[in-house]
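Asker: Have a look; sequence and predicted model below, questions after that.
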Amino acid sequence: MERIYLDHAATTPMDPRVVEAMNPIMTNVFGNPSSVHAFGRKARQYLDGARRTMAKSIQADEKEIVFTSGGTEADNLAMIGTAFANRDKGNHIITTVQEHHAALHTAEYLEQQGFDVTYLSVDETGSVNVDELKEALTEETILVSVMYVNNETGVIQPIESIGHVLKDHQAYFHTDAVQAFGLMDIDVKKAGIDLLTASSHKINGPKGIAFLYGASHIKMNALQFGGEQERKRRPGTENVAGVVGFQAAVELAMELKAEKKQMYENFKEQFMKRLSHNGVTYDVNGVLDHTVASIVNISFPGTNVESLLTNFDLEGIAASSGSACTAGSVEPSHVLAAMYGENDERTTNSIRFSFGSFNTEENVMEAANRVAKIVKRLTE
């Protein structure tokens, strides 16, 4: 039985070309980029080259790119680092109820540190209301953090509109762009973004490496204590091999962006058509026209997440849910609860399917057939 991977929003397989780019670095380039001798300078050249690639991918300056160990660290640095560095200007932070836990739990931590945090709601389409943001803004607001694309529903948020609202306000604008980066055109200057998080393993690069874009005017404290790497924003010897792998993944993503977007949109459309053809009753969470190409979140009435995911896995289908599954209990998705209400059945019967490089039209259709068979068996 062929195992079919429909969980690319969780992580992606490394592209062989990324592995190929990393191999010579891991075997031949071992110098510390902070060392002044030839070995260190060679490593520094690779680091600087990658930094230029990252900057170009979002229309930023290379001096504004900080390498981190992952998207979680980048979100933490963006939110905690700027909050404490700018506390003299105010004590208010705005985020949303549907953020990834890397941002949501960081906001909760900042509340524990005495910051006043406002959590914006989302409507049934999964989108933030810009007018609600306007009403929440005060003279004390120092940071607004809104994700670019929701990791569970794939819904694209009104980032440029938010950037426009904040244009003449002191608050910094951070966006977790982990699910958008590589599939959407991002121009941080045009969109008014001050801080942006992007992660390597979501775009067929290695795990354990990400970057935080921080505009040159940003005042931000480091979270760790040590050396002066990454312009004193993130101490520690850089992961050169990981950075080079990330660079290769970014170059491929930028080159193939339009092609992949069209391909994943087709996968998504064909997947849902096949479900319908097989007589499956389902609802899409969010508005399809406002979602990223690679993600669809589907509610299957009369089912529950735990039995769905277990049966999918037994049939060789890898998918996921925002629900935290434990033995005998399911914690409803906080994202879907924000959209539909905590007691809505969609919070516990919805599955995220996310498409990517491990997919072909043939295995997507086969996956839909298997999913349909399981759903019908569980509901009849």
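Answerer: Perfect, I can see it now. Residues are numbered from 1 along each chain as shown.

Asker: Point out where the stretch 51-200 of the chain drops to low pLDDT.
Answerer: In the predicted model of the stretch 51-200 of the chain, no residue satisfies pLDDT under 70.

Asker: And the helices in it?
Answerer: With DSSP state H, counting those that start in this stretch, the ranges of helices along the stretch 51-200 of the chain come out as 71-76, 82-85, 101-112, 130-136, 159-165, 188-191.

Asker: repeat for the stretch 201-350 of the chain
Answerer: Using DSSP H, counting those that start in this stretch, helices in the stretch 201-350 of the chain cover 240-277, 305-314, 334-340.

Asker: okay, these in TSV with distance to residue 17 and mean pLDDT next?
Answerer: Where you see a C-beta, it was placed from the backbone N, CA and C, and this is true even at glycine. What follows is the helices of the stretch 201-350 of the chain, written out as TSV (distance: least, CB to CB, whole Å; pLDDT from 0 to 100):
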stretch	distance to residue 17	mean pLDDT
helix 240-277	6	98
helix 305-314	30	95
helix 334-340	34	96
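
Asker: Save those helices as JSON lines, and put in distance to residue 288 and mean neighbour count too.
Answerer: Below are these laid out as JSON lines (distance: least, CB to CB, whole Å; neighbours: other CB atoms under 10 Å):
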{"stretch": "helix 240-277", "distance to residue 288": "8", "mean neighbour count": "19"}
{"stretch": "helix 305-314", "distance to residue 288": "21", "mean neighbour count": "17"}
{"stretch": "helix 334-340", "distance to residue 288": "14", "mean neighbour count": "23"}
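
Asker: follow-up on the earlier one: nearest to residue 143, of the helices of the stretch 51-200 of the chain?
Answerer: Ranking these by proximity to residue 143 (CB to CB) places helix 82-85 first, at 5.5 Å.

Asker: quick one: contacts of the closest one?
Answerer: Here helix 82-85 makes contact (CB atoms under 8 Å, 6 or more residues apart in numbering) with 93, 110, 113, 115, 142-143, 172, 174, 195, 218-221.

Asker: give me that answer again for 7 Å
Answerer: Outside of helix 82-85, the residues within contact range by CB atoms under 7 Å, 6 or more residues apart in numbering are 93, 110, 115, 142, 143, 172, 195, 218, 219, 220, 221.

Asker: what do you get for stretch 361-374?
Answerer: By CB under 7 Å, 6+ apart, stretch 361-374 touches 2, 4, 6, 267, 270-271, 274-275, 278, 280, 311-312, 315, 317, 355.

Asker: just curious, which of these is nearest to residue 29?
Answerer: Set against residue 29, the nearest of those by CB to CB is residue 355 (34.5 Å).

Asker: For that closest one, give me its contacts.
Answerer: The contact partners of residue 355, by CB under 7 Å, 6+ apart, come to 6, 8, 264, 267, 268, 294, 364.

Asker: now do 6 Å
Answerer: 264, 267, 294 (CB atoms under 6 Å, 6 or more residues apart in numbering).

Asker: residues in contact with the last one?
Answerer: For residue 294, the set of contacting residues under the criterion of CB under 6 Å, 6+ apart consists of 264, 354, 355.

Asker: if you set the cut-off to 8 Å instead, what comes out?
Answerer: 8, 9, 154, 179, 183, 264, 268, 354, 355, 356.

Asker: can you check the second one too?
Answerer: Contacts were defined as CB under 8 Å, 6+ apart; by that measure residue 267 touches 355, 359, 361, 364.

Asker: now for these, which pair is the farthest apart?
Answerer: Greatest spatial distance in the contacts of residue 267: 355 and 361, 10.4 Å, computed using CB to CB.

Asker: Much appreciated, bye for now.
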